[in-house]
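The sequence and its predicted three-dimensional model are supplied below.
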Number of protein chains: 2
Amino acid sequence: MVHLPKTLILASTSPRRAHLLRQVGLPFQLKTADVDEQYNGREPVTFAMEMSSKKANVVAVSMDNAIILAADTIVLLDKQILGKPKNAGQAADMLKILSGRMHEVITGYTIFDRPSDREITDYEMTRVWFRDLDPEEIDVYVVSGSPLDKAGSYGIQDDFGAVFVNRIEGCYYNVVGLPLAKVYQDLKRCIKNIQ
Amino acid sequence: MVHLPKTLILASTSPRRAHLLRQVGLPFQLKTADVDEQYNGREPVTFAMEMSSKKANVVAVSMDNAIILAADTIVLLDKQILGKPKNAGQAADMLKILSGRMHEVITGYTIFDRPSDREITDYEMTRVWFRDLDPEEIDVYVVSGSPLDKAGSYGIQDDFGAVFVNRIEGCYYNVVGLPLAKVYQDLKRCIKNIQ
């Protein structure tokens, strides 16, 4: 894996993103960014990048020498944003809406270097197809609790998530929460820029 | 997850397939099938299904009451089959050929019930795009040893595999070794048939 000349900070509370960085062998430290994530009505892609940039910039302020990685993932169905469900009922409703249809997953991400203040902000989009779901499997999945902390009420890496999705077009890891191939290449670009 | 009315036997030595079944919470036992996997010149899809059916049938003979799951995964570039590399040099050569191009991953799978002898054999195909790879990252990946037991010399779930692939079209888990959504639905079909 690429050699990091300084500490990598993951500015995210998502356990999935931390897991992905560990999977590709990138050492990092966690630092949470407290940012207002209320949707402001902008284009979803613009909003996702705005959010990741905000998170990275908030954390960067307190860093003397580090690379900060932040991301924001949005689930879109018919141009409507599906956020995290508020309760089990909302999670079941969302899964019923996703059943048998295609939706889009957009992740905005930012790589911010301190002290140079160079920033790379970009996004990735993946199309995801759900097969037709049985009401019973939706119920069992919702009872497991896993849908409750996830935008769109599912994780493609979950037990049921894995058998709900029968096709994607784009980057798989983007659906998990971080487009690894693009982020990795931009990390290399960032390191090259500062050396 | 679906309730299995009898033992599920995974007729495969692949640790990836065992891992996927565990991921979706399906209990199973392992039983290896000793089958000649020499390519016989047939259509790749036909060959993959022929192999999975053979593996399932070989294991089924010694089973009184069980569901047997077998699979065979093939990597295709320009209609040529890329098998498992024989050594590090071959692995590096295969990765160089895959760099910057699209290839296809085909998994034939069989679900065979004993004692009814009902069989479901089907396949899944996924298109996979590699970004342009640096010779150095190919070398580091090959030295890790991971490419050596894998058709096509990579695992999409590996550290480097995850950052080499920037796009797929189709089922992600098919590229890992088992098309979970299709297999899961066919397992449900099989159980319904025998109840």
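Yep, it's here. Numbering: from 1, shown residues only, chains lettered A, B, ... in the order given.

which residues sit against stretch A:44-60?
Identification of contacts with stretch A:44-60 by C-beta atoms under 8 Å, 6 or more residues apart in numbering or on different chains yields A:9, A:11-12, A:31, A:33-35, A:37, A:39-40, A:42, A:66, A:68-74, A:76, A:79, A:81, A:106-112, A:114, A:117, A:119, A:121-123, A:125. (Each C-beta comes from the backbone N, C-alpha and C, glycine too.)

what about the nearest residue to residue A:149 once chain neighbours are set aside, which helix or strand?
Of all residues not flanking residue A:149 in the chain, residue A:84 sits nearest, at 6.4 Å (C-beta to C-beta, 6 or more residues apart in numbering or on different chains). Assigned by DSSP states H and E, residue A:84 falls within no helix or strand.

Report whether stretch A:17-31 contacts chain B.
Yes. Stretch A:17-31 lies within reach of chain B by C-beta under 8 Å from any C-beta of the partner chain, at A:20, A:23-25.

typed the wrong thing, it's stretch A:186-195
No. Judged by C-beta under 8 Å from any C-beta, stretch A:186-195 and chain B are separated, with a smallest distance of 8.8 Å.

What segments of chain A are strands?
For chain A, the strands defined by DSSP state E cover A:8-10, A:29-30, A:66-77, A:80-82, A:102-114, A:119-130, A:165-170.

Worst mean pLDDT among these?
Note on these: strand A:80-82 shows the lowest mean pLDDT, a mean of 94.

which of the residues in that strand are buried?
Of all the residues in strand A:80-82, those buried under the rule 16 or more other C-beta atoms under 10 Å in any protein chain shown are residue A:82.

ok, now stretch A:147-158?
So for stretch A:147-158, counting by 16+ other C-beta under 10 Å, buried means A:147, A:150-158.

Check stretch A:34-41 too.
residue A:35.

Give me the residues contacting that stretch.
Stretch A:34-41 has contacts (C-beta under 8 Å, 6+ apart) with A:47, A:50-51, A:54-55, A:58, A:72, A:81, A:83.

hmm, back to that, go ahead and build a ChimeraX selection from the buried members of the contacts of stretch A:44-60.
Here is the ChimeraX command that selects the buried residues among the contacts of stretch A:44-60 (16+ other C-beta under 10 Å):
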select /A:9,11,12,31,33,35,66,68,69,70,71,72,73,74,76,106,107,108,109,110,111,112,114,121,122,123,125
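
Can you show me the helices along chain A?
A:15-23, A:44-60, A:88-98, A:135-143, A:159-164, A:172-176, A:180-194 (DSSP state H).

Between strand A:66-77 and the last one, find me the angle.
What separates the directions of helix A:180-194 and strand A:66-77 is an angle of 150 degrees, with axes from the mean of the first three to the mean of the last three C-alpha atoms, to 10 degrees.

Quick one: list the elements packing against helix A:180-194.
In this structure, helix A:180-194 packs against strand A:66-77, strand A:102-114, strand A:119-130, helix B:159-164, strand B:165-170, with contacts taken as 3 or more C-beta pairs under 8 Å, 6 or more residues apart in numbering or on different chains; DSSP states H and E.

Residue A:103: neighbour count?
Using other C-beta atoms under 10 Å in any protein chain shown, residue A:103 has 18 other residues around it.

Please tell me I have it right and it contacts residue A:152.
Yes. Assessed by C-beta atoms under 8 Å, residue A:103 is found in contact with residue A:152 at 7.0 Å.

For those two, list the residues in contact with both.
Between them, residue A:103 and residue A:152 share the contacting residues A:75, A:82, judged by C-beta under 8 Å, 6+ apart.

Contact residues of chain A facing chain B?
By C-beta under 8 Å from any C-beta, the residues of chain A that approach chain B are A:1, A:20, A:23-25, A:131, A:140, A:156-157, A:159-160, A:162-173, A:179-182, A:184-185.

are any of those buried, and which?
With burial judged by 16+ other C-beta under 10 Å, the buried subset of these is A:1, A:20, A:23-24, A:131, A:156-157, A:159-160, A:162-173, A:179-182, A:184-185.

Do you know the pLDDT at residue A:156?
Taking residue A:156 on its own, its pLDDT is 97.

coming back round to it: any chance of the buried residues of stretch A:147-158 in CSV, with distance to residue A:195 too?
Converted to CSV, these look like this (distance: C-beta to C-beta, whole Å):
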residue, distance to residue A:195
A:147, 43
A:150, 37
A:151, 36
A:152, 39
A:153, 43
A:154, 40
A:155, 37
A:156, 36
A:157, 34
A:158, 40
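
how close does the closest residue to residue A:2 other than its chain neighbours get to residue A:119?
If the residues on either side of it in the chain are set aside, residue A:2 comes closest to residue A:188, at 5.4 Å by C-beta to C-beta, 6+ apart. Residue A:188 sits 16 Å away from residue A:119, going by C-beta to C-beta, to the nearest Å.

and if you look at residue A:174?
Taken as C-beta to C-beta, the span from residue A:174 to residue A:119 is 20 Å.

so residue A:125 sits right up against residue A:104, yeah?
Yes. With contact defined as C-beta under 8 Å, residue A:125 reaches residue A:104; the gap is 5.8 Å.
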